[in-house]
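any chance you could fold what I've pasted below:
(one chain, ligands or ions: 3)
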Amino acid sequence: MILSKEQIEESNKEYSKNHKKKYECISDGITNLDEVIKKLIDFQIAIPSWALGTGGTRFGRFPGGGEPRSLEEKIEDIGLLHALTRSADAISLHIPWDIPSNAEKIKSLAKENGLHFDAMNSNTFQDQPEQKLSYKFGSLQHVDKAVRKQAIEHNIDVIKHGIALGSKSLTVWLSDGSSFPGQLNFRKAFQNTLESLQEIYSALPHDWKMFVEYKAFEPNFYSMTVGDWGQSLLYTSKLGNKAFTLVDLGHHLANANIEQIVALLLMEGKLGGFHFNDSKYGDDDLTVGSIKPYQLFLIFNELVEGMDAKKMNHATDLAWMIDASHNVKDPLEDLLQSLEAIKIAYAKALLVDRKKLVEAQNNNDVVTAQEILQDAFRTDVRALVAEARLRAGATLNPIAVYRNEKVRQQLIKERGSKTMATGL
Ligand code: RM4
Ligand code: MN
Ligand code: MN
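Ligands and ions are numbered 1, 2, ... in the order given. Model prediction:
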């Protein structure tokens, strides 16, 4: 299903009067308004190919119908999200869930939808039917060299798929670790993993990046071999300047200060990118900004400050991706909410009065420092984000348009109510 330019323009008429009022109200106090809007327009977030179907837990899965049956249909879905928001111009593939059988065709379909290929993701956390050796006891860390070799070769294969699609990065997330004390020699597991990563790293094209994603627990519950940002940073530092640490917001122990982690990784030039989601208890993969919007804002506050200090391009120098699961919502509506939450947090961070904040910090004026941050956080920036969408040719009100155009109903008609997308 495709949303035409006319449909989008028509829909905007309905909301434009209301929008104008709100936009005028907020824009009054912003001195660098055009710069802020431009930054919001430029900021794009990649959608993973595994996020377009219904997610589930180990207790069950309740699909809502019309799920994409193929990579082509997933690209169509992301094309829809992009048409509605002009904020999601890339797709991130998981191999082998989404092997492109004909790279050229897939590439041109993506292009028709205004999309390109973001990071490629390898998968050595599940066994595939045709696979010779099992990953039950790990992959890149495995005590058996033959298993490590198989996992290395898979990653190199993923890089090859990525080259064919014009991707420029590989994300490695490992479930390697141990579930019981004594199961593993930590040092040997680290060494094996490092050596394996080094082999994969040496297969990277010169203009590629490698992202090493960490996670504190699950599926292993005693130790994870890339368990936190310190361990990831050890690997990426030893690997070289094409290797970076990737932060998934749901992969920390409870109450971790993620914004501080982000600030320090940025300072070291080792922050690669993000997997956005939200969580209350663990790796819950909930809609971005649905539980801790203040934390999200504080993270963006560090990102903006840190990237500006290094004269980095906000839109292109780090990899931005959503990594969420949709158990009770329509996946596309959930992704629209996540995209909006990210833009809102970013817009608020752009409004922070940096000069005054530095002053307050230097004067140890704790109260003023807090007031400055919360002043930005409490500003309703939704009209700014909507204006950016409008100027980019998208809808003022993505979810309303999605519902009015009966997108899900049409997808169910086209694809059926019992389809199931690949993923976890
Ligand atoms: C993991 C991690 C990875 C993702 C898989 C599906 O928990 O977040 O990024 O590839 O899930
Ligand atoms: Mn992730
Ligand atoms: Mn995760």
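
what's the one helix or strand Leu93 maps to packed up against?
Following DSSP states H and E, one finds Leu93 within strand 90-94. Under the contact criterion of 3 or more C-beta pairs under 8 Å, 6 or more residues apart in numbering; DSSP states H and E, strand 90-94 touches strand 46-48, helix 71-85, strand 116-121, helix 145-165. Where you see a C-beta, it was placed from the backbone N, CA and C, and this is true even at glycine.

with mean neighbour count added, can I get these in TSV?
Putting the helices and strands packed on strand 90-94 into TSV (neighbours: other C-beta atoms under 10 Å) gives the following:
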stretch	mean neighbour count
strand 46-48	27
helix 71-85	23
strand 116-121	24
helix 145-165	19
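
in TSV, list these along with distance to Leu424 and mean pLDDT.
As requested, the helices and strands packed on strand 90-94 are exported to TSV (distance: least, C-beta to C-beta, whole Å; pLDDT from 0 to 100):
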stretch	distance to Leu424	mean pLDDT
strand 46-48	11	98
helix 71-85	15	98
strand 116-121	12	98
helix 145-165	17	98
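
which of these sits closest to ligand 1?
Of all these, it is strand 116-121 that lies closest to ligand 1, at 5.1 Å by C-beta to the nearest ligand atom.

name the SS class of Val172, please.
strand (DSSP: H, G, I helix; E, B strand; the rest coil).

low-confidence ranges in the stretch 251-400 of the chain?
Within the stretch 251-400 of the chain, no stretch has pLDDT under 70.

around ligand 1, pick out the residues from it.
275, 283, 323 (C-beta under 6 Å from any ligand atom).

who are the neighbours in contact with the second one?
If a contact means C-beta atoms under 8 Å, 6 or more residues apart in numbering, then Asp283 has 215, 217-218, 248, 250-251 as its contacts.

same check on the last one?
Asp323 makes contact with 48, 51, 248, 250, 275-277, 285 under the criterion C-beta under 8 Å, 6+ apart.

get me the contact residues on the chain for ligand 2.
Residues of the chain that fall close to ligand 2, judged by C-beta under 5 Å from the ion: 248, 275, 323.

tabulate the helices and strands packed on strand 90-94 (CSV), appending distance to ligand 1.
Putting the helices and strands packed on strand 90-94 into CSV (distance: least, C-beta to the nearest ligand atom, whole Å) gives the following:
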stretch, distance to ligand 1
strand 46-48, 7
helix 71-85, 15
strand 116-121, 5
helix 145-165, 12
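
in TSV: those, plus distance to Tyr23.
Below are these laid out as TSV (distance: least, C-beta to C-beta, whole Å):
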stretch	distance to Tyr23
strand 46-48	27
helix 71-85	17
strand 116-121	30
helix 145-165	38
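
between those, which one is nearest to Trp173?
strand 116-121 (7.0 Å; C-beta to C-beta).

which neighbouring elements make contact with the closest one?
Counting by 3+ C-beta pairs under 8 Å, 6+ apart, the packing neighbours recorded for strand 116-121 are strand 46-48, strand 90-94, helix 103-112, helix 145-165, strand 169-173, strand 319-322.

quick one: these as TSV, columns for distance to Arg187 too.
Putting the helices and strands packed on strand 116-121 into TSV (distance: least, C-beta to C-beta, whole Å) gives the following:
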stretch	distance to Arg187
strand 46-48	33
strand 90-94	31
helix 103-112	40
helix 145-165	16
strand 169-173	20
strand 319-322	31
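
Thr379: which of the ones you listed is closest?
Closest of the helices and strands packed on strand 116-121 to Thr379 is strand 319-322, at 22.1 Å (criterion: C-beta to C-beta).

quick one: contacts of that closest one?
With contact meaning C-beta under 8 Å, 6+ apart, strand 319-322 is reached by 43-48, 51, 92, 118-119, 169, 209, 211, 246, 272-277, 288, 335, 338-339, 342.

at 7 Å what do you get?
Taking contacts as C-beta atoms under 7 Å, 6 or more residues apart in numbering, the residues outside strand 319-322 that touch it are 45-48, 51, 92, 118-119, 169, 211, 272-277, 288, 335, 338.

same check on stretch 92-105?
For stretch 92-105, the external contacting residues (C-beta under 7 Å, 6+ apart) are 46-50, 71, 74, 106, 117-123, 128, 158, 161, 164-165, 321, 422-423.

could you identify the helix or strand that succeeds the one helix or strand Ala386 maps to?
Remark: Ala386 resides in helix 382-391, with elements defined by DSSP H and E. Under the assignment DSSP H and E, the closest C-terminal helix or strand after helix 382-391 is helix 398-404.

tell me the angle the next helix or strand after that next one makes with helix 71-85.
Along the chain past helix 398-404, the next helix or strand (assigned with DSSP H and E) turns out to be helix 407-415. In this structure, helix 407-415 runs at an angle of 160 degrees to helix 71-85, with axes from the mean of the first three to the mean of the last three C-alpha atoms, to 10 degrees as the basis.

burial count for Pro129?
Number of residues near Pro129 (other C-beta atoms under 10 Å) recorded here: 4.

coming back round to it: which among the residues of the stretch 251-400 of the chain next to ligand 1 gets closest to Ser179?
When those are compared for distance to Ser179, the smallest value, 16.1 Å, is given by Asp283; criterion: C-beta to C-beta.

and stretch 188-204, average pLDDT?
The predicted model gives stretch 188-204 an average pLDDT of 99.

got the buried residues for that stretch?
Within stretch 188-204, the residues that qualify as buried by neighbour count (16 or more other C-beta atoms under 10 Å) are 189-190, 192-194, 196-197, 199-201, 203-204.

I'd like those residues as CSV, with distance to Asn313 appended.
As requested, the buried residues of stretch 188-204 are exported to CSV (distance: C-beta to C-beta, whole Å):
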residue, distance to Asn313
Ala189, 37
Phe190, 34
Asn192, 36
Thr193, 32
Leu194, 31
Ser196, 32
Leu197, 27
Glu199, 31
Ile200, 27
Tyr201, 24
Ala203, 27
Leu204, 22
